[in-house]
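Asks: All I have is the shape, not the residue letters:
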Ligand SMILES: Cc1cc2ncn([C@H]3O[C@H](COP(=O)(O)O)[C@@H](O)[C@H]3O)c2cc1C
Ligand SMILES: O=C(O)c1cccnc1
């Protein structure tokens, strides 16, 4: 299945990108003056093959999972908050619900590995692979099989949502202690110094940050994840939502559906997807730069430049959903804005430097 998916992740449509660029330069504005939004719409044209797409069915896929490493006191909040927040998402009370409602998008809340039983709770997508991961400081976080299974959950979910009409996907997550897990995966894959990848997460103190770094160092020293092998890394120091989101991104790319990447945790999942299939990067849209210090490193590994710089550190897909109105605006500009010719506005003067 994975091999087939990877085979289907192609280069973007270069001709559609060229046409989008040409159209942008005919609109009544100085060339390039819409900055990163111009690059964004060119990218979207390359993904969909059309420079005037309206994205009318956007879904934020919020994967929830618990992390055994929470036992090491690496978060400012207790583990049960993951379960409690799942109920909050289902009731529409979380930040992501409010932002999604504002922008007309849907939140798809997935239990991929919460350490609680939700029974057949309505509104929740039931895809539990395990009741949380193990404490990576003592044992591998997941079995290799669990990591593979969670990745497949993500791929299949992307297929289901796209078959159901979704034309734009975004990543979101909930899982107490997952900034620690994400930093561990980032360090394992890049060899970056641990202290450059850890931040306050939900609000730990300076001492708390040093403690997180020690827990990560000890976990990596214990398991020695192979930096060339994403599965080895994910199973030893990863988490179920990271695996699931990596799968979701691969699945979206294989169907030529753009995928908006949220903050630090989501970007680490994106890095895992890109290590599995580098072409996947062409389908990723970096929404915002999180306050987590490791986020910049993960973004630069991917060669992505986010549009929003809001010092946010929430996750859930909030940064990604905040980009939706900007996506709608630039797509409307492509469809509706007047050209120099249609408006009778004089074009750029030829100058000595061209
Ligand atoms: C009430 C609440 C809502 C959240 N929504 C997202 N997160 C975010 O914080 C967690 C990661 O931070 P750490 O590694 O420090 O635990 C994740 O669940 C993430 O999605 C939340 C955290 C809390 C407390
Ligand atoms: O950037 C993120 O994704 C993030 C940062 C802190 C806490 N939760 C999520």
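Replies: Yep, that arrived. In this text, all values refer to a predicted model and were calculated from it rather than measured experimentally. Ligands and ions are numbered 1, 2, ... in the order given.
Asks: show me the contacts for whatever residue of the stretch 201-350 of the chain ends up closest to ligand 2.
Replies: Closest residue of the stretch 201-350 of the chain to ligand 2, Cβ to the nearest ligand atom: residue 263 (2.4 Å). Where C-beta positions appear, they are placed from N, C-alpha and C, glycine not excepted. Applying Cβ atoms under 8 Å, 6 or more residues apart in numbering, we find residue 263 in contact with 288, 290, 292, 295, 312-315, 318-319.
Asks: Please pick the buried ones from those residues.
Replies: The neighbour count (16 or more other Cβ atoms under 10 Å) marks 288, 290, 292, 295, 312-315, 318-319 as buried among these.
Asks: Secondary structure, pLDDT and distance to ligand 1 added to those residues, as TSV?
Replies: Shown next, in TSV, are the buried ones among the contacts of residue 263 (DSSP: H, G, I helix; E, B strand; the rest coil; pLDDT from 0 to 100; distance: Cβ to the nearest ligand atom, whole Å):
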residue	secondary structure	pLDDT	distance to ligand 1
288	strand	98	14
290	coil	98	10
292	coil	98	9
295	helix	98	13
312	coil	98	11
313	coil	98	8
314	coil	98	5
315	coil	98	3
318	helix	99	8
319	helix	98	11
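Asks: Can you pull the residues of the stretch 101-250 of the chain lying near ligand 2?
Replies: Contact residues, the stretch 101-250 of the chain versus ligand 2 (Cβ under 6 Å from any ligand atom): 179, 201-202.
Asks: Give me the below-cutoff pLDDT ranges for the protein.
Replies: Scanning the chain for pLDDT under 70 picks out 352-354.
Asks: Surely residue 156 is in contact with residue 254?
Replies: No - assessed by Cβ atoms under 8 Å, residue 156 is found out of contact with residue 254, at 11.6 Å.
Asks: Following element in sequence after the helix or strand containing residue 146, please.
Replies: Assessed by DSSP states H and E, residue 146 sits inside helix 144-163. Following helix 144-163 in sequence order, the next helix or strand is strand 168-174 (DSSP H and E).
Asks: so which strand or helix has residue 245?
Replies: Taking DSSP H and E as the definition, residue 245 sits inside helix 240-254.
Asks: The very next helix or strand once past that helix and ligand 2 in contact?
Replies: Using DSSP H and E, the helix or strand that follows helix 240-254 in sequence is strand 259-261. No - if you take Cβ under 6 Å from any ligand atom as the test, strand 259-261 misses ligand 2, and the best it gets is 9.7 Å.
Asks: just the angle between the next helix or strand after strand 259-261 and strand 168-174, please?
Replies: Using DSSP H and E, the helix or strand that follows strand 259-261 in sequence is helix 264-276. Angular relation of helix 264-276 and strand 168-174 on a 0 to 180 degree scale: 120 degrees, by axes from the mean of the first three to the mean of the last three Cα atoms, to 10 degrees.
Asks: name the helices or strands packed onto helix 264-276?
Replies: strand 168-174, helix 178-190, helix 230-237, helix 240-254, strand 284-286, helix 294-302 (3 or more Cβ pairs under 8 Å, 6 or more residues apart in numbering; DSSP states H and E).
Asks: 6 Å instead?
Replies: Packed against helix 264-276, as judged by 3 or more Cβ pairs under 6 Å, 6 or more residues apart in numbering; DSSP states H and E, are the following elements: helix 178-190, helix 230-237, helix 240-254, helix 294-302.
Asks: Buried residues, that helix. List them.
Replies: Within helix 264-276, the residues scored as buried using 16+ other Cβ under 10 Å are 264-276.
Asks: can you give me the offset of that helix from its chain's centre?
Replies: Relative to its chain's centre, helix 264-276 lies at 7 Å (Cα atoms, centre = their mean, to the nearest Å).
Asks: returning to that earlier point: who are the packing partners of the helix holding residue 146?
Replies: Right, helix 144-163 is packed against helix 230-237, helix 240-254 by 3+ Cβ pairs under 6 Å, 6+ apart.
Asks: Apply 8 Å and report the result again.
Replies: Applying 3+ Cβ pairs under 8 Å, 6+ apart, we find helix 144-163 packed against helix 2-7, strand 58-65, strand 106-113, strand 168-174, helix 230-237, helix 240-254.
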